[in-house]
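Q: predicted model and sequence below, questions to follow.
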Amino acid sequence: MRVVAAPARAKARKMFTQGGTHLSLADALSCYDSWPAPDVVVSDGPYGLRSFPGDPPTVNSLAKVYEPHVLAWSKRAKPSTTLWFWCSEIGWATVHPLLDSAGWSYVRACVWDKGAGHVAGNANSKTLRQLPAVTELCVQYVRKVLLPRGEDGKQVPMKDWLRAEWQRTRLPMSLTNQAAGVKNAATRKWFTACHLWYAPPGEALAKLAEYANEHGEPSDTPYFSLDGEAPVSAEEWDALRPTFHCPPDRHNVWHHPAVRGAERIKLNGRSVHMNQKPLSLVRDTIRWTSDEGAVVWEPFAGTATALVAAALSNREGYGAELNEVFYRVAVERLRSTHAEL
Ligand SMILES: C[S@@+](CC[C@H](N)C(=O)[O-])C[C@H]1O[C@@H](n2cnc3c(N)ncnc32)[C@H](O)[C@@H]1O
């Protein structure tokens with residue numbers, strides 16, 4: 001039997017680099033291993049709507065198309081990496097089980113509402129047998145972080161680990177405020193088993209750990225330890241938590257018209273890319289979930305909106321685009337972005 005070797009993945013045919021921005025004319029699959037680990041991944045890839053060359057005609061194959069990408073993101077992500085997954089409703093529903101099984105934890109589905117103007121005059125409601133769609137989704141995921149439980153070393157989710165470690169001390173829950181040095185009810189959220197749970201900041205956890213190890217029932221295994229040797233430090237703990245600078249005035253419905261006017265990129269008077277995303281929305285997601293200097297991945301660059309947003313926000317950007325026309329347009333856009341910085 002003749003064994004035919006699988007074709008090697010194409011290397012980047014061209015590459016643009018300026019400042020901290022890098023865009024390859026290539027299949028993203030051939031790039032992931034050479035990019036630094038991401039703090040944020042902005043995925044705006046196939047929709048299953050035949051909406052750009054190469055987009056499958058239905059969502060039936062989407063999970064298969066995304067699988068190698070999702071596995072690569074999981075392999076290269078840090079415990080603190082955030083993923084923003086843009087897609088249609090049915091596209092996201094199709095890919096969610098894959099993301100979940102690859103260790104991505106669902107946080108929030110955000111709805112981009114383009115407004116009625118998006119379909120005005122285009123939707124023949126006499127013949128349409130469905131409501132016209134004026135939305136897309138952008139779904140936030142973080143990594144599922146598993147930690148070794150003190151009593152048996154079993155890897156458990158962060159939320160269960162916190163409760164298990166405190167319970168192991170045999171100290172009452174009512175002491176957690178005092179232990180963490182806080183006066184408010186925050187510790188209830190850190191130790192709750194319900195959906196309102198969130199992780200404490202490193203400084204508070206270091207205090208909890210110190211208190212637990214001083215006042216808890218004597219144990220051979222230190223409380224709140226990642227390695228079984230010493231309690232976790234504030235810095236080690238913070239490196240496990242995704243960044244989130246919560247905007248005070250925003251929620252998960254984003255009212256924003258489809259890209260038009262000067263922002264819409266055109267060639268010979270025609271829109272270049274049907275899927276160009278509003279720069280301000282993409283920029284906000286990046287700024288909420290990373291700090292300056294962070295690494296942003298845009299595997300399906302199109303017109304490279306996330307790379308532009310990253311550059312404007314003092315983040316490094318790494319992207320790939322398969323289509324040469326889109327690549328050239330994106331490179332021009334990135335050049336003029338950098339010229340204005
Ligand atoms: C939905 S569009 C992205 C639009 C982009 N967010 C913007 O604002 O312009 C998806 C893009 O991914 C590209 N693409 C699809 N599969 C790819 C792959 N495996 N590697 C790199 N690019 C890919 C397509 O050519 C298409 O331009």
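A: Looks like it arrived, so ask away.
Q: mind listing what the residue in the chain that the ligand sits nearest to touches?
A: In the chain, the residue that lies nearest the ligand is residue 302 (2.5 Å; CB to the nearest ligand atom). Quick note: C-beta positions are derived from backbone N, CA and C, even for glycine. By CB atoms under 8 Å, 6 or more residues apart in numbering, the contact set of residue 302 is 44, 52, 273, 275, 276, 321, 326, 330.
Q: run the last query once more with 6 Å
A: Neighbour list for residue 302: 273, 275, 326 [criterion: CB atoms under 6 Å, 6 or more residues apart in numbering].
Q: A helix includes it, no?
A: No - counting by DSSP: H, G, I helix; E, B strand; the rest coil, residue 302 is not found in a helix; it is coil.
Q: got a pLDDT number for it?
A: The model reports residue 302 with a pLDDT of 98.
Q: could you list the low-pLDDT ranges of the stretch 101-250 of the chain?
A: 123 (pLDDT under 70).
Q: tell me which stretches of it form helices.
A: Counting by DSSP state H, counting those that start in this stretch, the stretch 101-250 of the chain has helices at residues 158-168, 176-180, 186-191, 202-215, 234-238.
Q: ok, and for the second one, which residues are buried?
A: Within helix 176-180, the residues that qualify as buried by neighbour count (16 or more other CB atoms under 10 Å) are 176, 179, 180.
Q: how long is stretch 71-90 end to end?
A: Across stretch 71-90, the terminal residues are separated by 21 Å (CA to CA, to the nearest Å).
Q: likewise for stretch 189-204?
A: Terminal residues of stretch 189-204 are spaced 13 Å apart (CA to CA).
Q: same question for stretch 238-255.
A: For stretch 238-255, the first and last residues are 33 Å from each other (CA to CA).
Q: now the residue nearest the centre of the chain: which helix or strand?
A: Here the mean C-alpha position of the chain is nearest to the C-alpha of residue 83 (CA atoms, centre = their mean), at a distance of 1.1 Å. Assigned by DSSP states H and E, residue 83 falls within strand 82-87.
Q: what lies in contact with that strand?
A: By CB under 6 Å, 6+ apart, strand 82-87 touches 40-44, 104, 137-139, 141-142, 242, 285, 289.
Q: could you pick out which of the contacts of residue 302 are near the ligand?
A: Contacts with the ligand within the contacts of residue 302, as defined by CB under 6 Å from any ligand atom: 273, 275, 326.
Q: so the last one, which of the three states?
A: Secondary structure assignment for residue 326 (three-state DSSP): helix.
Q: what separation do you get for it and residue 334?
A: Separation of residue 326 from residue 334 (CB to CB, to the nearest Å): 12 Å.
Q: ok, the second one next?
A: According to CB to CB, residue 275 stands 17 Å off from residue 334.
Q: higher neighbour count, the two?
A: Each of residue 275 and residue 334 has its neighbours counted (other CB atoms under 10 Å); residue 334 has more, 25 against 20.
Q: wait, is that one part of a strand?
A: No - under three-state DSSP, residue 334 sits outside any strand and is assigned helix.
Q: who does residue 106 bridge with?
A: Each beta-bridge partner of residue 106 is listed here, defined by DSSP bridges: residue 141.
Q: burial count for it?
A: Residue 106: 14 surrounding residues under other CB under 10 Å.
Q: now do residue 122
A: Residues lying near residue 122 (other CB under 10 Å) number 7.
Q: ok, for it, nearest residue in space, not its chain neighbours?
A: Spatial nearest neighbour of residue 122, excluding adjacent residues (CB to CB, 6 or more residues apart in numbering): residue 132 at 7.7 Å.
Q: test my guess that the one you found contacts residue 119.
A: Yes - Residue 132 is within contact range of residue 119, at 4.1 Å (criterion: CB atoms under 6 Å).
Q: just to revisit the earlier point, out of the contacts of strand 82-87, who's the most crowded?
A: Tallying neighbours with other CB under 10 Å puts residue 42 at the head of the contacts of strand 82-87, with 29 neighbours.
Q: and it, helix, strand or coil?
A: strand.
Q: which one is it nearest to, not counting chain neighbours?
A: In space, residue 42 is closest to residue 306, 3.9 Å off (CB to CB, 6+ apart).
Q: what's around that neighbour, how many residues?
A: Counted by other CB under 10 Å, the residues lying close to residue 306 total 32.
Q: next: residue 297.
A: That count, for residue 297 with other CB under 10 Å as the rule, works out to 31.
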